[in-house]
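**Q** Curious how this folds, go ahead:
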Amino acid sequence: MRKKFFVLNLIVIFVLLVLTACGSNSESTSSNSSDKSSAADRKDSNLPALPDDIKKKGKLVIGVKVDFPPFGSMDASGKNVGYDIDFAKKLAEFAFGDANAVEFVPVTSDNRIPFLNSKKVDLLIASLAATEERKKVVDFTDPYFGTSNLTLVKKDSNIKELKDLEGKTVITLKGSTEALALQKAVPSAQQLQLTTLAEQLQALKDDRGVAMVKDESVLYKIVDQDSSYKIVGEPFEPMAIAAAVRKGDTEYLNWLNAAIKEVSSQDLFYKWFKNWFPEFKNTPQLLPRP
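**A** Modelled structure (predicted):
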């Protein structure tokens with residue numbers, strides 16, 4: 001009789017051990033599954049929910065410049081680099097927990113807004129100035145950079161200030177704010193509008209224009225690398241640089257503005273600025289900081 005009870009007890013103990021082990025494995029499996037789900041949906045806890053249509057893509061699709069250093073260009077290995085790119089990757093990290101969860105689509109000053117509104121991209125981070133005219137067709141985030149326009153000439157040029165450009169040919173970028181700024185500041189200047197920075201510099205080198213007008217962030221980089229050019233005159237027409245979404249895309253806009261505040265609180269804009277714009281003597285007034 002005692003032997004039967006002993007065997008029965010052993011069976012009960014064995015069953016309990018098996019059930020405990022199964023429960024533990026189930027909890028472990030559930031925990032692992034939860035961890036994976038959490039990693040897939042990871043985002044910064046300070047931000048509102050990412051719009052469903054963006055979340056479903058599993059990546060951010062962003063229009064960026066590829067020929068406009070130090071904002072956006074390609075390095076020797078073919079990777080996107082620049083101030084705008086660092087910002088874009090941080091947004092991808094906030095959205096999906098992965099800085100590489102982003103597709104960069106090359107855009108130019110002329111086609112960037114059409115690309116956005118035709119849904120080839122969902123967001124522009126392409127050194128885009130938030131002008132009143134552009135606000136009619138896209139919605140801008142809070143600024144993530146600020147700059148002004150300056151004048152670039154050859155080292156031996158006699159041009160000293162804006163008024164010296166009156167009636168002369170000046171090189172600008174097609175579809176850019178610098179073209180509008182020059183038209184406003186010096187209406188009599190004849191503009192030679194080109195599509196890339198390389199074309200502009202070549203035109204200036206070939207004397208197809210007496211000067212080139214561009215935002216200061218780019219010109220400081222040029223004169224730092226090439227002593228055959230110089231900057232003249234004072235900065236004019238200051239402008240806020242912002243990201244852009246399609247008109248009425250309020251949910252995404254709110255998420256982006258919250259992300260900009262988070263980046264600013266970590267002082268990352270300043271870190272990127274110091275890295276990409278070492279030639280700047282002063283920090284731009286519109287650069288977001290804590």
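
**Q** C-alpha only now, for contacts and for neighbours.
**A** Noted.

**Q** quick one: the strands in the chain?
**A** In the chain, the strands defined using DSSP state E lie at 60-64, 67-68, 72-74, 80-81, 102-106, 123-124, 138-154, 169-173, 190-194, 211-215, 229-246.

**Q** in the longest one, what counts as buried?
**A** Taking 16 or more other C-alpha atoms under 10 Å as the basis for neighbour counts, the residues of strand 229-246 that come out buried are 229-232, 236-246.

**Q** hmm, back to that, return the most buried member of the strands of the chain.
**A** Most buried of the strands of the chain, by mean neighbour count (mean count of other C-alpha atoms under 10 Å): strand 123-124, with a mean of 27.

**Q** which helices and strands sit right next to that one?
**A** Judged by 3 or more C-alpha pairs under 8 Å, 6 or more residues apart in numbering; DSSP states H and E, strand 123-124 is in contact with strand 60-64, helix 112-117, strand 229-246.

**Q** which residues does F71 contact?
**A** 65, 81-85, 126-127, 276 (C-alpha atoms under 8 Å, 6 or more residues apart in numbering).

**Q** what's the spacing between it and S264?
**A** 18 Å (C-alpha to C-alpha, to the nearest Å).

**Q** any weak-confidence spans in the stretch 101-250 of the chain?
**A** Judged against pLDDT under 70, the stretch 101-250 of the chain has no low-scoring part.

**Q** Just put the helices and strands packed on strand 123-124 in JSON lines and tack on distance to T147.
**A** JSON lines is the format used below for these (distance: least, C-alpha to C-alpha, whole Å):
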{"stretch": "strand 60-64", "distance to T147": "18"}
{"stretch": "helix 112-117", "distance to T147": "19"}
{"stretch": "strand 229-246", "distance to T147": "6"}
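
**Q** so N100 touches K89, yeah?
**A** Yes. Under the criterion of C-alpha atoms under 8 Å, N100 makes contact with K89 at 6.5 Å.

**Q** With neighbour numbers in mind, choose between those two.
**A** Set N100 next to K89 and count neighbours by other C-alpha atoms under 10 Å: K89 wins out with 19 against 15.

**Q** and the gap between the more buried one and G175?
**A** 26 Å.

**Q** can the strands of the chain go into a markdown table with extra columns for distance to L268?
**A** Below are the strands of the chain laid out as a markdown table (distance: least, C-alpha to C-alpha, whole Å):
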| stretch | distance to L268 |
| --- | --- |
| strand 60-64 | 19 |
| strand 67-68 | 21 |
| strand 72-74 | 17 |
| strand 80-81 | 16 |
| strand 102-106 | 19 |
| strand 123-124 | 19 |
| strand 138-154 | 11 |
| strand 169-173 | 29 |
| strand 190-194 | 33 |
| strand 211-215 | 22 |
| strand 229-246 | 16 |
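
**Q** how does this structure divide into domains?
**A** As assigned by automatic domain parsing, the chain contains the domains 52-146+240-276, 147-238.

**Q** Which residues are in contact with the most centrally placed residue in the chain?
**A** The centroid of the chain falls nearest to D84 when counting by C-alpha atoms, centre = their mean (3.3 Å). For D84, the contacting residues are 64, 71-72, 125-127, by C-alpha under 8 Å, 6+ apart.

**Q** Kindly recompute the last result at 10 Å.
**A** Going by C-alpha atoms under 10 Å, 6 or more residues apart in numbering, D84 touches 64-65, 69-73, 124-127, 144-145, 243, 269, 272, 276.

**Q** Repeat that for K90.
**A** K90 makes contacts with 96-102, 259-260, 263, 268, as judged by C-alpha under 10 Å, 6+ apart.

**Q** Could you measure from it over to E178?
**A** From K90 to E178 the distance is 28 Å (C-alpha to C-alpha).

**Q** Could you do V66 as well?
**A** 19 Å.
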